[in-house]
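> Sequence below, structure please.
(4 chains)
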Protein chains: 2
Amino acid sequence: MRETADPLICTVDVVLLTLRDDALAVLLQRREREPFKGALALPGGYVHAQEDADAAQAAERVLRQKLGLVSPYLEQLATFSGAARDPRGWSVSIVYCALLPLAALASDTKAMAEATLAPVDRLPPLPFDHRDIVATAVQRVRTKSQYSSLPVYLCGDRFTLPQLQAVYEAVLGEPINKVSFRRKMDELGMLEPIAGEMSSGGAHRPAQLYRLRKAFRQALSLSERGLNGRG
Amino acid sequence: MRETADPLICTVDVVLLTLRDDALAVLLQRREREPFKGALALPGGYVHAQEDADAAQAAERVLRQKLGLVSPYLEQLATFSGAARDPRGWSVSIVYCALLPLAALASDTKAMAEATLAPVDRLPPLPFDHRDIVATAVQRVRTKSQYSSLPVYLCGDRFTLPQLQAVYEAVLGEPINKVSFRRKMDELGMLEPIAGEMSSGGAHRPAQLYRLRKAFRQALSLSERGLNGRG
DNA sequence: CGAATAGTGTCTGTGAGACATTATCTT
DNA sequence: AAGATAATGTCTCACAGACACTATTCG
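Residues are numbered from 1 along each chain as shown, chains lettered A, B, ... in the order given. Next up is the predicted model:
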């Protein structure tokens, strides 16, 4: 067996998902360099051994430098590798998944100037294996949303329960029973009501505003039974 | 922003788990090379760009060449990276998780000669971040076992339901209700009874032998509700 | 026959969903 | 007052676990 390391291309890519028009959308950026210069692709870049303590920090740096964004949720998705996925040769891409509310993107001028949002169900042609990567990310987010509080990362920091339910329904792609949803949110114990209310919507009873409790800002909470009991 | 790739150390490591004495155990091997030459560590090696089509095949090759093993279950666990984990410098390790019944190891002379099994709850000191890697793998296997057929990979190809239940209980570390377990296995529909029976055990009614149905040999099946309903 | 484990029938408590009812806003 | 949506109370059905009972082997 050999003892030397082959020189490999090692990058990080980020699948940044958000909710637009009640549907998951992924952030795409035009590539500044070859290969596929000018094509829409996932934001990514080389790992910088001097700057990045690990791959997660490389992903954070990519988001920060290329889009001026910081994502509270940034999780390793998977690593895609092989000889065939990049014309430059055998490559490794450590892929991270980020979730942000649309408002957080819209308020960032750099992000909106540099990037495009594409609905995950109607992706444009993408270079490399980025289509597979997005599909993997969407699947992961949908699966995890079934039994965790992950979709709260797609809301702003203040939201009503009907709004949060709409987010869950958009992510999962199916309606949720209102009573069950409220029971589940209640027993997860991660939300706290805010004194102020929300009424701007119009001719109906205003809804209570909630925010994530401090203890849940960092780690998401898991439910053992899930939200929808379809067996 | 720079345009060149830093030279990085890129390896694959394999967490091979099995069940010994009703407890999860991980396969460790003495390192043949520096750093940490002679220490017990996870089997692993460099990615070989010429031989390996992707990282999964590199992991298969490591298992084959170093241990003479082929694992039906081989799944990417996560990628561990950073400047601090390897004294040689910034490194990337794409880690795969394999599951095999103890009998499959015991029947392989090379595997037994080269390797040691350590209970995952009483690991010896391990180099690099291998302790974290094993912990991540064990957590993943336990979580996945709650709602999938994953533990069948720890059984041989023929097993009784009481045996399979014991495997689940050993992996999950808690007793399972017998009736619920059988109901769940029944509705998953992945097992088929074999004509022959099993009695060697002794002074009691013999148990029906089962095997995995053909359709389930490759992909594991998921249950929406899980096995134990502790909420 | 007794011990031991395999396998099944049945009851019950818990929880999710359906439905109905009350509450509170705007016009 | 009417209409709209928020929030909650209550009923029911399904499922997981508990328990008991039958089945089949060995000694």
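> contacts, neighbours, all on C-alpha from now
Will do.
> and the helix-or-strand element of chain A with minimal mean pLDDT, C-alpha only, in PDB?
Of all helical and strand segments in chain A, the minimum by mean pLDDT, DSSP states H and E falls on helix A:109-114, at a mean of 83. C-alpha atoms of helix A:109-114 as PDB (Å, rounded to 0.1, in the frame of the first residue of the first chain):
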ATOM      1  CA  THR A 109     -28.000  44.200   0.000                       C
ATOM      2  CA  LYS A 110     -24.900  42.200  -0.900                       C
ATOM      3  CA  ALA A 111     -26.700  38.900  -0.700                       C
ATOM      4  CA  MET A 112     -29.500  40.100  -2.900                       C
ATOM      5  CA  ALA A 113     -27.100  41.700  -5.400                       C
ATOM      6  CA  GLU A 114     -24.900  38.700  -5.800                       C
END
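> what does the helix or strand just after that helix contact?
Downstream of helix A:109-114, the next assigned helix or strand under DSSP states H and E is strand A:115-119. Applying C-alpha atoms under 8 Å, 6 or more residues apart in numbering or on different chains, the external contacts of strand A:115-119 come out as A:20, A:23, A:24, A:25, A:26, A:27, A:28, A:29, A:30, A:67, A:124.
> Recalculate using a threshold of 10 Å.
A:16-21, A:23-30, A:40-43, A:66-67, A:102, A:105, A:109, A:123-124 (C-alpha atoms under 10 Å, 6 or more residues apart in numbering or on different chains).
> Report the entries of those that also contact DNA strand C.
The overlap between those and the neighbours of DNA strand C (C-alpha under 7 Å from any atom of the strand) is empty.
> and the residues you listed, which are buried?
Neighbour-count burial (16 or more other C-alpha atoms under 10 Å in any protein chain shown) is assigned, among the contacts of strand A:115-119, to A:16-20, A:23-30, A:40-43, A:66-67, A:102, A:105.
> Can you name the element that comes right after the helix or strand hosting residue A:15?
Using DSSP H and E, residue A:15 falls within strand A:9-20. In the C-terminal direction, the helix or strand that comes right after strand A:9-20 (DSSP H and E) is strand A:23-30.
> After that following strand, which helix or strand is next? Please name it.
strand A:40-41.
> The helix or strand following that next one close to chain B?
Next along the chain after strand A:40-41, taking DSSP H and E as the criterion, comes strand A:44-46. Yes. Using C-alpha under 10 Å from any C-alpha of the partner chain, strand A:44-46 reaches chain B at A:45, A:46.
> mean confidence for the next helix or strand after strand A:44-46?
Toward the C-terminus, strand A:44-46 is succeeded by helix A:55-67 as the next helix or strand (DSSP H and E). Average pLDDT, helix A:55-67: 97.
> cool, and stretch A:86-100?
97.
> same question, stretch A:24-38
Here the average pLDDT along stretch A:24-38 is 96.
> With only the CA atoms kept, save that stretch in CSV.
Once non-C-alpha atoms are left out, stretch A:24-38 reads as follows in CSV (Å, rounded to 0.1, in the frame of the first residue of the first chain):
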residue,chain,number,x,y,z
LEU,A,24,-38.4,26.1,-0.2
ALA,A,25,-35.9,28.0,-2.3
VAL,A,26,-32.1,27.7,-2.6
LEU,A,27,-29.6,30.5,-2.9
LEU,A,28,-27.5,30.3,-6.1
GLN,A,29,-24.7,32.5,-7.2
ARG,A,30,-23.0,33.1,-10.6
ARG,A,31,-19.6,31.5,-10.6
GLU,A,32,-16.7,34.0,-10.8
ARG,A,33,-14.1,31.4,-12.0
GLU,A,34,-13.7,28.4,-14.3
PRO,A,35,-14.9,25.8,-14.5
PHE,A,36,-18.5,26.8,-15.3
LYS,A,37,-17.7,30.5,-15.0
GLY,A,38,-20.8,32.5,-15.1
